[in-house]
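> only geometry, no sequence info:
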């Protein structure tokens, strides 16, 4: 099953869900505000795609926390992301061992096509 992680009121999440529905792709939505990722789940994402991909450095929470002007270690950045999961770039698509981060319809098509071949 495809999982989409994000925040319910995010425009990119709305667009992603709409795209999936229009392309008849079944998915389960994970609302990071109501059901945040555990330390282990976030660590697994970090290992698969890296913090640079996961962290939305253009978002409101990043600016509100003033992180742009801080020289954070990877560990400190991870802890900030764990505590403030609204800083995760959206959407995060999860399927078995595969992860796709960010809104890109062409990438969605390739990601979904790759999934169907393995099922």
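Sure, I can see it. Predicted model, so just to flag it, every value in this text is computed and none were measured.

> other SSEs contacting the helix or strand containing residue 80?
Secondary structure from DSSP states H and E places residue 80 in helix 74-83. Other helices and strands packing on helix 74-83, by 3 or more C-beta pairs under 8 Å, 6 or more residues apart in numbering; DSSP states H and E, are helix 39-49, helix 51-54. For the C-beta atoms, the positions are set from N, CA and C on the backbone; glycine is no exception.

> for it, give me every contacting residue.
37, 39, 42-43, 46, 51, 54-55, 65, 67, 72, 87-88 (C-beta atoms under 8 Å, 6 or more residues apart in numbering).

> weed out the non-buried ones from those residues.
37, 42, 46, 51, 54-55, 67, 87-88 (16 or more other C-beta atoms under 10 Å).

> next structured bit after the helix holding residue 80?
For helix 74-83, the succeeding helix or strand toward the C-terminus, using DSSP H and E, is strand 92-95.

> tell me which residues of the very next helix or strand once past that following strand are tucked away?
For strand 92-95, the succeeding helix or strand toward the C-terminus, using DSSP H and E, is strand 98-101. The neighbour-count check on strand 98-101 (16+ other C-beta under 10 Å) flags 99-101 as buried.

> still on that earlier bit, so which of the helices and strands packed on helix 74-83 is nearest residue 14?
With C-beta to C-beta as the measure, helix 51-54 is the member of the helices and strands packed on helix 74-83 nearest residue 14 (20.4 Å).
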